[in-house]
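>>> Pasting a predicted model and its sequence here:
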Amino acid sequence: MTYPRELRFEEDVQERLISYIETELLNHYSERSRWMEKLLQWQRDYWAEPRNKQATVPFKGASSIVIPLTAIAVEAIFARAMTQLFALDQLVSAKAKSAAWTDVVTPLENFLNNELLVEMQYRHKVTSAMLEIIKYGTGIGKVGYERLVRYAVRQFPDGSEQEIPVVIRDGAVTDSVAIGRFLMPYSSTDPQTSPWVGEEHSKSPFEILQMEQSGFFREGTFEALKAWINTKSRNSTGTERRFEQSQEKLEKREAVWPNRVDWVEMWLGFKVDGSDREKEIVIHYHRPSRLIMSARYNWHDDLHRPYRVGVYFPVEHRWTGIGVCKQNDQFQAEVTTQHRQRLDNALIANVRMLKVSKLSGYGPDEEIFPGKIWFVDDMSHVEAFQLGEIYNSSFNNEQAALQYSERRTGVSDVLLGQQAAGTPGTATGDLARIQEGAKKFDYAFANMKEFNRSLIIDAAVLVQQFGPRRIEYYTQAENGNLVENFFRMPAELIRHGLLIDLRAAGQNQDKVLDRQNWVSIATLLQQYYTGIMQLVQGTGDARLIQFAVRKALIGSTEAMKQVLDTFDTRNVDRIILSELLSSLQQNGVPQDASRLLPSATPSAGGDNGFGTTGQVPGVDQLTQIIQTLGAGSVQGAGGF
């Protein structure tokens, strides 16, 4: 594939477009300045770096420690969310809307899991967006098309050399957009319906040249920007790198920035061809030089824009959400202040000094050591004194502030896996508290799963339009032809889930609760299968018994797999009959198994095939049938 064709504007159209972009960006930078200050403050709160290495108030050397309440909560929630989202071997869960597409579900899941997790490095790419969702309340994900070409020279046996292009990447890509670089008017609530939406980019000259050679930028872009590459003061508007520079300053790893080029990418509607209708276009624009680096029509079949917004806790009628940094905003400051006061008070209260009368005869250089004898004329001439007292209430105040923080964020000792303070409760009570406390997290996690689902669907739509990263998958992978047939369908059917509904897989519950639930479910399943076997054997229908046995094998094996997963058991496939399960799902019960089943009307006194006469087999005999059928299925599939 190649990029869509470049648009060439008439001079008056280009001037109107540039004027519109400049006006909109100027207004937006003005309205977002205070929010950027808040983001920078939350960055500092999360990093918990003291502003001054040595405090001078209330005295020189006072405590300057910052209690990282925000970091404690963010890291606990982030680890839990990522573990639940990527705990399973699969990222994508598919569900067919009709029986005609049932056979496509498993191959499609395998393909999308490989395309996203392996080819697109989805887990790595989406990590930053997930972390910003939890920290700042809002995260931005992006799925787009990218073609990257590099050039090399190869020497042939005859000594000749030839320049050859090498396609490094060609297909759908996913990425996170830093919240400090994302651009959208605050009057809008959705990137898909906003008048315009975009982001800020910063790339090195080498990357600019590569993108031009790959056909992404117009020919001559690199030459036109040469004058702006090595001049830091002229190269940046002062806003593109502020978010990254602040973080780098906290990390003490500030980069050398001069050789960078900053530009904005904007998706908007504009009248570009003289008609009365606005057309969806994509612009890459270098503000300092007023240069349009690239201009194309929106190349997506359904004209969607690539940006997806995820929130941690929503704010009504706004596209930004509330994150842990906002929830802990005042509590971290309060606990830090109280903790510093408590340390300073303890230091002062434990420092003893001597007051000496001028008439005692002792000077400032008097040596002090244990057991020293002081000869004074008056017993009040030498006396020890302290500056302060220790107040137990200060610790209680700090603990009260911590409790308020836990209630707001939902991160408590139980969630952190630590023993709660005070008298320990019963196991049943702890489970109940975990279950109730998990509801708030489950709601936030559902928001994050919905965010990932939108990215997964965007990736599937782009695969339908541009093809997979490796077209060989369709011919080499098992059932690849079924996947190819699915992606031949119109994009609208894929996006709206009219054929197969695509969702983000992942665990929904805490493993402790999951484990308790599966223990109860296992008992119910045992009773269910036993009752079913007793019912179907009474019918004497060989096909019905065969079907019941097959479903019992599949269901019980899958249930045991789920139970073992909740215990984090290793090598589960070696413990359960996973090969049997796979064989039954693909091939069913072997055809010759009918000889093991009773006839519809067994003859009295005759052998019915079970080693018994004139009777329908009991549950114990059906168990033997299950074992025999399982062995036959596995043998038919090639054995263990």
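Done, it's in.

>>> Strands of the stretch 151-300 of the chain, start to end?
161-177, 182-183, 196-203, 261-270, 279-286, 291-297 (DSSP state E, counting those that start in this stretch).

>>> quick one: average pLDDT of the host helix or strand of residue 337?
Per DSSP states H and E, residue 337 falls inside helix 329-349. Taken as a whole, helix 329-349 has an average pLDDT of 86.

>>> Go through that helix and flag the buried ones.
329, 331-332, 334-336, 338-342, 344-345, 348 (16 or more other CB atoms under 10 Å). (Glycine included, C-beta is placed from N, CA and C.)

>>> and it, what other elements does it pack with?
helix 33-47, helix 69-86, helix 393-409 (3 or more CB pairs under 8 Å, 6 or more residues apart in numbering; DSSP states H and E).

>>> And the contacts of the helix or strand following that helix?
Per DSSP H and E, the first helix or strand lying C-terminal to helix 329-349 is strand 352-356. For strand 352-356, contacts defined as CB atoms under 8 Å, 6 or more residues apart in numbering pick out 362, 366, 368, 381, 382, 383, 384, 385, 386, 387.

>>> returning to what we had before: which of the helices and strands packed on helix 329-349 sits most buried?
helix 69-86 (a mean of 20; mean count of other CB atoms under 10 Å).

>>> one step back: turn the helices and strands packed on helix 329-349 into a markdown table, including distance to residue 530 and mean pLDDT.
As requested, the helices and strands packed on helix 329-349 are exported to a markdown table (distance: least, CB to CB, whole Å; pLDDT from 0 to 100):
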| stretch | distance to residue 530 | mean pLDDT |
| --- | --- | --- |
| helix 33-47 | 55 | 91 |
| helix 69-86 | 34 | 91 |
| helix 393-409 | 47 | 83 |
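
>>> And residue 532, how far from residue 562?
Distance, residue 532 to residue 562, by CB to CB, to the nearest Å: 20 Å.

>>> Hmm, I typed the wrong one, I wanted residue 242.
Residue 242 sits 48 Å away from residue 562, going by CB to CB.

>>> can you pull out the helices in the stretch 101-250 of the chain?
102-113, 122-136, 205-213, 221-229, 232-235, 242-251 (DSSP state H, counting those that start in this stretch).

>>> Apologies, that question was intended for the stretch 351-500 of the chain.
393-409, 427-466, 473-476, 480-486, 491-495.

>>> right, and the ones you listed - which one's nearest residue 297?
helix 427-466 (13.8 Å; CB to CB).

>>> about what we covered before: now, of the helices of the stretch 101-250 of the chain, which is deepest in the fold?
helix 122-136 (a mean of 22).

>>> how far is that one from where the chain is centred?
Offset of helix 122-136 from its chain centre (CA atoms, centre = their mean, to the nearest Å): 5 Å.

>>> between the strands of the stretch 151-300 of the chain, which gets the lowest average pLDDT?
strand 161-177 (a mean of 86).

>>> and that strand, what does it pack onto?
So strand 161-177, by 3+ CB pairs under 8 Å, 6+ apart, packs with helix 122-136, strand 138-155, helix 427-466.

>>> same for the first one, what does it pack against?
Pointing back at helix 122-136 there. helix 33-47, helix 69-86, strand 138-155, strand 161-177, strand 307-311, helix 324-327, helix 427-466.
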